[in-house]
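K.L.:
Let's see this in three dimensions:
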Amino acid sequence: MTHLHITTWAVGIILFFVVLALTGKEGKEKAAKITHMVLRLFYVLILLTGLELFFRFYIGAPWSETTEALVKSAGGVWIIAAMEMILIRGKKGKPTFGGWLQFAIALILTIALGFGRLPMGILP
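P.N.:
Modelled structure (predicted):
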């Protein structure tokens, strides 16, 4: 299930940049809208696989691990919210700096916790 979760968020980030590239281009509105809907489906898949991992590995674990997993989960939701904020505000022609800042902070926090700090991480 870990591989499925990593695959869904990797595809989600790729789709995010595809939608970002298509948004605002003449004649690409329909493609951008369809790709954005597919991205939203991947948001749901990311959340479902993340919840499954949380319930499988952290319910009943020591409190410190569970707390860090909760913070990582909140960071994941924060990333999704920042991605949507960037796309919607960009589509409306509004500034997106705040969304990009939040995206960067949440991504660093979530990856550091997921790969480095939590027991299932791969970094030393």
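
K.L.:
Please make it C-alpha for all contacts and neighbour counts, starting now.
P.N.:
Fine.

K.L.:
Break down this structure into its helices, ranges please.
P.N.:
In the chain, the helices defined using DSSP state H lie at 2-22, 29-57, 63-92, 97-111.

K.L.:
Out of those, which gets nearest to Arg117?
P.N.:
helix 63-92 (8.2 Å; Cα to Cα).

K.L.:
Show me what the closest one is packed against.
P.N.:
When contacts are defined as 3 or more Cα pairs under 8 Å, 6 or more residues apart in numbering; DSSP states H and E, helix 63-92 sits against helix 2-22, helix 29-57, helix 97-111.

K.L.:
Could you list the low-confidence segments of the chain?
P.N.:
120-124 (pLDDT under 70).

K.L.:
Try it again at 50.
P.N.:
Along the chain, no part satisfies pLDDT under 50.

K.L.:
follow-up on the earlier one: now the helices and strands packed on helix 63-92 in TSV, with mean neighbour count and distance to Glu68?
P.N.:
Formatted as TSV, those follow (neighbours: other Cα atoms under 10 Å; distance: least, Cα to Cα, whole Å):
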stretch	mean neighbour count	distance to Glu68
helix 2-22	16	17
helix 29-57	16	11
helix 97-111	16	10
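
K.L.:
okay if I get those as a markdown table plus distance to Ile88?
P.N.:
Shown next, in a markdown table, are those (distance: least, Cα to Cα, whole Å):
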| stretch | distance to Ile88 |
| --- | --- |
| helix 2-22 | 10 |
| helix 29-57 | 10 |
| helix 97-111 | 10 |
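
K.L.:
Out of the ones you listed, flag the one nearest Ala69.
P.N.:
Nearest to Ala69 among the helices and strands packed on helix 63-92 is helix 29-57 (7.1 Å), distances taken as Cα to Cα.

K.L.:
Right, I'll leave it there.
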